[in-house]
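Participant: Quick one, structure for this:
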Amino acid sequence: MDKKERQEIERQRRETALKNIFFNRFLLLRYSIALFFFGNIYWLLIQFIRPSLVMIFPIILVVFSILATVEQFRLYGKRSVRLGITQMFVRLQAIISTGLLVLTWTSWFTDLFPIFENNQVARVFVFIVLLLGLVISLLDIRRIQDIYQQKDKAFQRYIQLEKSSLNL
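Facilitator: Presented below is the predicted three-dimensional model:
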């Protein structure tokens with residue numbers, strides 16, 4: 001391998017590293033979307049025990065989580081950051097989680113979560129799970145704002161790597 005071939009391989013390696021670092025800005029969002037996807041699938045499945053109109057909520061959330069995932073993967077290799085569907089999904093997840101937190105303490109509890117008994121322990125457990133989901137949603141909203149404002153740490157690493165690769 002001559003010097004020119006090695007330089008070309010090194011250039012391609014740096015270019016791929018830059019793409020990957022830029023794409024990793026969305027890594028935590030992708031993980032939380034996956035977590036919400038499986039949580040909402042589980043919620044949808046337990047709704048089949050006693051089918052009702054409540055099934056609409058997990059169906060909507062599952063569809064939006066799929067669309068958000070597609071949006072995330074379309075960003076690979078692109079410098080533009082458009083997280084409209086992801087942001088809409090995370091906000092919708094936060095709104096529904098907030099509503100469920102309130103409804104956990106009402107007579108709707110057994111309609112929303114038919115696998116749980118109508119007792120204090122079950123309500124507290126569901127409340128804690130929903131509260132954790134809400135916190136993750138709020139952190140995701142904050143993360144998206146940081147990405148849009150280019151204040152995230154991954155972007156700073158990307159800028160440093162880009163500057164260092166230009167100097168080579």
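
Participant: Now the spatially most central residue of the chain: which helix or strand?
Facilitator: In the chain, the C-alpha nearest the mean C-alpha coordinate belongs to Ile33, at 2.9 Å (CA atoms, centre = their mean). Per DSSP states H and E: Ile33 is located in helix 27-47.

Participant: picking that back up, could you list which residues are in contact with the residue nearest to the centre of the chain?
Facilitator: Ser65, Ala68, Thr69, Gln72, Thr86, Phe89 (CB atoms under 8 Å, 6 or more residues apart in numbering). (Glycine included, C-beta is placed from N, CA and C.)

Participant: Buried residues in the helix holding Ile33, which are they?
Facilitator: Residues of helix 27-47 classed as buried: Leu29, Arg30, Ser32, Ile33, Phe36, Phe37, Gly39, Asn40, Trp43, Leu44, Gln47 (neighbour count, 16 or more other CB atoms under 10 Å).

Participant: Now Gln93. Nearest residue, chain neighbours left out?
Facilitator: Excluding the flanking residues, the one nearest Gln93 by CB to CB, 6 or more residues apart in numbering is Ser137, at 4.8 Å.

Participant: Test my guess that that neighbour contacts Ile96.
Facilitator: No. Taking CB atoms under 8 Å as the definition, Ser137 is not a contact partner of Ile96, at 9.3 Å.

Participant: For Thr106, give its distance to Ile128.
Facilitator: Look at Thr106 and Ile128: by CB to CB, to the nearest Å, they are 17 Å apart.
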